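# Pasting the sequence and the predicted coordinates here, then a few questions.
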Amino acid sequence: MGRSVYSLVLIDDVVDAIDKIAYEKKTSRSNLINQILAEYCSYSTPEMRMRDIFEGVEQMMSDWESFQVQLQPSDAMISIRSALRYRYKPTIRYMLELYRTCGPTVGELRVSMRTQSRQLIEILNDFFDFWFALENKYIGSLFPHGEVFCEITPGKYARQFLLPQDSARQTNEAIAAAISDYIHVFDTCMKLYFAHLDEPEKALAALEKKYLQYRKNSVMI
């Protein structure tokens with residue numbers, strides 16, 4: 001979707017009002033005017049699509065007490081935090097980014113935890129490795145080359161989201177629900193893993209069972 005520069009003659013007071021609203025919404029003057037004109041013409045811009053999805057994610061995540069959604073100074077990104085019951089109570093950070101172009105991927109999730117503990121980073125990476133293998137086992141075939149779009153680095157996990165194959169599930173509401181379900185099951189399984197570090201085989205079996213429930217009841221993304 002291309003962009004061009006246009007000359008417009010506007011009343012100064014109108015521009016002042018636009019700037020005030022743009023500041024409150026943490027966006028630019030041009031972006032806000034673009035959105036206002038698009039809404040007036042009943043045209044959906046990438047920013048409007050992303051905003052709808054983010055609002056849906058925020059609403060759904062607020063239904064689960066363990067999450068705290070934080071808006072970012074960007075139309076394409078939000079941050080979600082969740083506390084982990086572990087030594088010193090570290091915070092899990094989920095950074096959700098949506099792409100302006102929707103399809104074949106719609107965005108990505110980056111998971112991280114601020115820690116200098118080598119032991120904690122090793123535990124995190126063990127979980128990330130297992131999760132990656134689990135996803136490839138059950139939904140890898142949905143992705144090009146038969147493998148989930150994922151990157152694992154020390155203490156960090158990044159996963160791209162696919163646009164659902166069913167066109168009926170490509171609405172903003174459906175995508176928001178699919179992303180929320182994924183973050184929820186990921187967070188639940190991570191905490192389950194940490195809660196049973198002394199029983200790894202039992203933990204991995206419970207994680208796989210939880211993932212299969214998610215796969216059965218949610219849209220894969």
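Everything's here; your move.

# Quick check: Q165 touching I139?
No. In this structure, Q165 sits apart from I139 without contact. The criterion is Cβ atoms under 8 Å, and the distance is 11.2 Å. In this view, the C-beta of every residue, glycine as well, is placed from N, C-alpha and C.

# Off-centre distance for the helix ranked longest in the chain?
If each helix of the chain is counted by residues according to DSSP state H, the longest one is helix 172-195. Average the C-alpha atoms of helix 172-195, do the same for its chain, and the two points are 9 Å apart (Cα atoms, centre = their mean, to the nearest Å).

# How about residues contacting the helix or strand following it?
Beyond helix 172-195 in the direction of the C-terminus, DSSP states H and E gives the next helix or strand as helix 200-217. Outside of helix 200-217, the residues that reach it under the criterion Cβ atoms under 8 Å, 6 or more residues apart in numbering are 130-131, 134-135, 138-139, 181-182, 185, 188-189, 192-193, 195-197.

# Which of the residues you listed lies at the shortest distance from G146?
Proximity of the contacts of helix 200-217 to G146, judged by Cβ to Cβ, is greatest for I139, which lies at 10.1 Å.

# name the helices or strands packed onto the longest helix of the chain?
Taking 3 or more Cβ pairs under 8 Å, 6 or more residues apart in numbering; DSSP states H and E as the contact definition, the neighbouring helices and strands of helix 172-195 are helix 46-62, strand 91-98, strand 105-113, helix 118-139, strand 156-162, helix 200-217.

# show me the contacts for F149.
Contact criterion Cβ under 8 Å, 6+ apart gives T105, E108, F143, R159, Q160, L162 as the residues in contact with F149.

# Closest one of the residues you listed to D126?
Closest to D126, out of all of those and judged by Cβ to Cβ, is R159, at 16.7 Å.

# Surely that closest one and E108 touch.
Yes. Counting by Cβ under 8 Å, E108 is a contact partner of R159 at 6.4 Å.

# Compare neighbour counts for these two and give me the winner.
When R159 and E108 are compared on other Cβ atoms under 10 Å, the one with more neighbours turns out to be R159, at 21 against 17.
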